[in-house]
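Trainee: Quick check, what structure comes out for this input:
(one chain, ligands or ions: 2)
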Amino acid sequence: MRSQVTAYIGLGTNLGDRLANLKEALDRLDARQGIEVTRISSIYETDPIGFADQPDFLNMCAELVTDLSPEELLDALLGVEQELFRVRTVRWGPRTIDLDLLLYGEQVFKGDQLTIPHPRMTERAFVLVPLADLAPDAVVPPTGKTVAQLAEELEDDGEIRRAASQLEWGNSREISPLNGMIN
Ligand SMILES: Nc1ncnc2c1ncn2[C@@H]1O[C@H](COP(=O)(O)OP(=O)(O)OP(=O)(O)O)[C@@H](O)[C@H]1O
Ligand SMILES: Nc1nc2c(c(=O)[nH]1)N=C(CO)CN2
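Mentor: Ligands and ions are numbered 1, 2, ... in the order given. Predicted structure coming up:
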């Protein structure tokens with residue numbers, strides 16, 4: 001019997017129907033053997049970081065419970081990216097969906113294809129702000145600091161604002177536009 005681990009992922013999208021991309025990615029992850037999406041953050045509109053000349057992103061984070069290994073979980077993330085027709089053109093360029101493995105329990109992992117915690121998560125408001133919705137007290141190795149502390153300390157140069165529409169997760173799983181739809 002494999003042990004279950006709580007993991008956190010970051011989701012980002014700035015191409016196509018962004019809200020639908022997020023919902024589709026969550027549905028497909030949740031449908032995969034060995035993965036249950038247990039909680040999701042609010043959705044945030046964010047300025048593109050690192051490659052300014054592209055559309056704004058929608059970013060969010062999700063909590064998973066999984067019995068997959070870190071590498072198996074990464075393969076599942078990359079598989080869902082492919083299913084949503086992610087095309088890798090310019091690094092850090094526009095994409096239908098980007099799924100990053102942020103935390104896998106409290107494990108530190110360094111492999112050829114995978115580094116956990118995600119190596120750039122501590123410098124990104126578009127990761128730390130939604131992650132703080134879910135796990136403000138999670139400690140991010142090797143900083144020894146919590147997600148909330150890291151978010152607080154961040155000098156991120158990107159604008160981040162809570163989006164108008166949110167996804168409901170659980171038995172409803174519907175998009176609930178609070179005021180007008182974004183896509
Ligand atoms: N924690 C991780 N989560 C996701 N991918 C990772 C992780 N660590 C290493 N990778 C590797 O990064 C590769 C490139 O990822 P990708 O092209 O999506 O980069 P990006 O998301 O655009 O940039 P960034 O990695 O800065 O977020 C993936 O194919 C994967 O092998
Ligand atoms: N706002 C925002 N900027 C980014 C994002 C992202 O998800 N959101 N992802 C990147 C590469 O992973 C690079 N820049």
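Trainee: Nearest spatial neighbour of Ala163, chain-adjacent residues omitted?
Mentor: Closest residue to Ala163 apart from its sequence neighbours, by C-beta to C-beta, 6 or more residues apart in numbering: Ile43 at 4.2 Å. Where you see a C-beta, it was placed from the backbone N, CA and C, and this is true even at glycine.
Trainee: Give me the neighbour count for that neighbour.
Mentor: Residues lying near Ile43 (other C-beta atoms under 10 Å) number 24.
Trainee: just Gly105 next, same as before
Mentor: Per other C-beta under 10 Å, the neighbour tally for Gly105 reads 16.
Trainee: again with the one 4 residues further on
Mentor: A total of 15 residues lie near Phe109 under the criterion other C-beta under 10 Å.
Trainee: Next, the contact list for it, please.
Mentor: Neighbouring residues of Phe109 by C-beta atoms under 8 Å, 6 or more residues apart in numbering: Pro70, Thr115, Ile116.
Trainee: filter those down to the ones close to ligand 1.
Mentor: Restricting the contacts of Phe109 to those touching ligand 1 (C-beta under 6 Å from any ligand atom) yields Thr115, Ile116.
Trainee: Separate out the buried members of the contacts of Phe109.
Mentor: Pro70, Ile116 (16 or more other C-beta atoms under 10 Å).
Trainee: out of the contacts of Phe109, which are inside strands?
Mentor: Applying DSSP state E to the contacts of Phe109, the entries found in strands are Thr115, Ile116.
Trainee: got the contacts of Phe109 as CSV, with pLDDT and distance to ligand 2 columns?
Mentor: Formatted as CSV, those follow (pLDDT from 0 to 100; distance: C-beta to the nearest ligand atom, whole Å):
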residue, pLDDT, distance to ligand 2
Pro70, 97, 18
Thr115, 98, 13
Ile116, 98, 15
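Trainee: so which helix or strand takes in Trp169?
Mentor: Taking DSSP states H and E as the definition, one finds Trp169 inside no helix or strand.
Trainee: Excluding covalently adjacent residues, which one is nearest to it?
Mentor: That would be Ile40: by C-beta to C-beta, 6+ apart, it lies 4.5 Å from Trp169.
Trainee: Test my guess that that neighbour contacts Cys61.
Mentor: Yes - taking contacts as C-beta atoms under 8 Å, Ile40 lies within contact range of Cys61: 7.5 Å.
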